[in-house]
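Colleague: build me a structure from this.
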Amino acid sequence: MRINRREIKREINRLADEVRDETGVELIRTEYVREGGRRILRVIIDRQGGVSLSDCETFSRALSEKLDEEGLLEERYCLEVSSPGIDSKIPE
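Modeller: You can find the predicted model right below:
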(Lines give C-alpha, C1' and ligand atoms only; values in the text may rest on other atoms or scores of the structure.)
Protein backbone atom coordinates (compact mmCIF):
# COMPACT_ATOMS: atom_id res chain seq x y z
CA MET A 1 0.00 0.00 0.00
CA ARG A 2 1.49 3.35 -1.07
CA ILE A 3 0.63 6.40 1.04
CA ASN A 4 1.65 10.00 0.54
CA ARG A 5 4.37 11.82 2.51
CA ARG A 6 1.88 13.77 4.66
CA GLU A 7 0.19 10.54 5.76
CA ILE A 8 3.57 8.93 6.44
CA LYS A 9 4.58 11.89 8.62
CA ARG A 10 1.25 11.72 10.50
CA GLU A 11 1.67 7.99 11.13
CA ILE A 12 5.31 8.40 12.22
CA ASN A 13 4.17 11.04 14.72
CA ARG A 14 1.36 8.79 15.97
CA LEU A 15 3.78 5.94 16.61
CA ALA A 16 6.37 8.27 18.17
CA ASP A 17 3.63 9.63 20.47
CA GLU A 18 2.82 6.07 21.58
CA VAL A 19 6.49 5.44 22.38
CA ARG A 20 6.69 8.80 24.16
CA ASP A 21 3.79 7.77 26.39
CA GLU A 22 5.39 4.38 27.07
CA THR A 23 8.85 5.76 27.88
CA GLY A 24 7.99 9.00 29.66
CA VAL A 25 10.14 11.27 27.50
CA GLU A 26 9.10 14.48 25.79
CA LEU A 27 8.90 14.29 22.00
CA ILE A 28 10.44 17.46 20.59
CA ARG A 29 10.46 16.81 16.85
CA THR A 30 10.40 14.16 14.14
CA GLU A 31 11.84 14.55 10.65
CA TYR A 32 11.68 12.13 7.75
CA VAL A 33 14.10 13.47 5.16
CA ARG A 34 16.38 12.48 2.31
CA GLU A 35 20.02 13.39 2.87
CA GLY A 36 22.88 12.26 0.67
CA GLY A 37 20.65 9.81 -1.17
CA ARG A 38 19.50 8.13 2.09
CA ARG A 39 16.23 8.34 3.97
CA ILE A 40 16.68 9.42 7.59
CA LEU A 41 14.04 9.32 10.30
CA ARG A 42 15.35 11.71 12.93
CA VAL A 43 13.64 11.92 16.33
CA ILE A 44 14.56 14.44 19.01
CA ILE A 45 13.52 13.63 22.58
CA ASP A 46 14.02 15.31 25.94
CA ARG A 47 13.41 14.62 29.60
CA GLN A 48 13.54 16.63 32.80
CA GLY A 49 17.19 16.45 33.86
CA GLY A 50 18.37 15.51 30.37
CA VAL A 51 18.33 12.53 28.05
CA SER A 52 20.68 9.60 28.56
CA LEU A 53 22.05 7.22 25.97
CA SER A 54 19.80 4.58 27.52
CA ASP A 55 16.75 6.81 26.92
CA CYS A 56 17.69 7.13 23.25
CA GLU A 57 18.29 3.39 22.90
CA THR A 58 14.99 2.51 24.56
CA PHE A 59 13.04 4.96 22.43
CA SER A 60 14.80 3.84 19.25
CA ARG A 61 14.12 0.15 19.84
CA ALA A 62 10.47 0.72 20.72
CA LEU A 63 9.82 2.99 17.73
CA SER A 64 11.67 0.63 15.37
CA GLU A 65 9.49 -2.27 16.51
CA LYS A 66 6.31 -0.27 15.96
CA LEU A 67 7.46 0.87 12.52
CA ASP A 68 8.25 -2.73 11.57
CA GLU A 69 4.88 -3.98 12.88
CA GLU A 70 3.01 -1.34 10.87
CA GLY A 71 5.11 -1.83 7.72
CA LEU A 72 4.84 1.92 7.28
CA LEU A 73 8.15 2.72 5.60
CA GLU A 74 8.65 0.78 2.40
CA GLU A 75 12.16 1.99 1.63
CA ARG A 76 15.32 1.60 3.70
CA TYR A 77 15.92 4.29 6.27
CA CYS A 78 18.26 5.18 9.11
CA LEU A 79 16.62 5.89 12.48
CA GLU A 80 18.39 8.51 14.59
CA VAL A 81 17.15 9.27 18.11
CA SER A 82 18.91 12.00 20.06
CA SER A 83 18.54 14.81 22.58
CA PRO A 84 18.07 18.43 21.55
CA GLY A 85 21.71 19.04 22.47
CA ILE A 86 23.49 21.11 25.02
CA ASP A 87 23.01 24.38 23.12
CA SER A 88 19.24 24.19 23.55
CA LYS A 89 19.58 24.20 27.33
CA ILE A 90 21.58 27.42 27.60
CA PRO A 91 19.31 30.27 28.71
CA GLU A 92 19.30 33.31 26.41
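
Colleague: mind checking how far Cys56 is from Ile28?
Modeller: Counting by C-beta to C-beta, to the nearest Å, the gap between Cys56 and Ile28 amounts to 12 Å. All C-beta spots, glycine's among them, are computed from the backbone N, C-alpha and C.

Colleague: cool, Lys9 as well?
Modeller: 15 Å.

Colleague: can you give me the helices in the protein?
Modeller: 5-23, 53-70 (DSSP state H).

Colleague: pull out the buried positions in the longest one.
Modeller: Think helix 5-23. With burial defined by 16 or more other C-beta atoms under 10 Å, the residues of helix 5-23 counted as buried are 8, 11-13, 15-16, 19-20, 23.

Colleague: if you count contacts, what does that helix end up packed against?
Modeller: Identification of packing neighbours for helix 5-23 by 3 or more C-beta pairs under 8 Å, 6 or more residues apart in numbering; DSSP states H and E yields strand 26-35, strand 38-46, helix 53-70.
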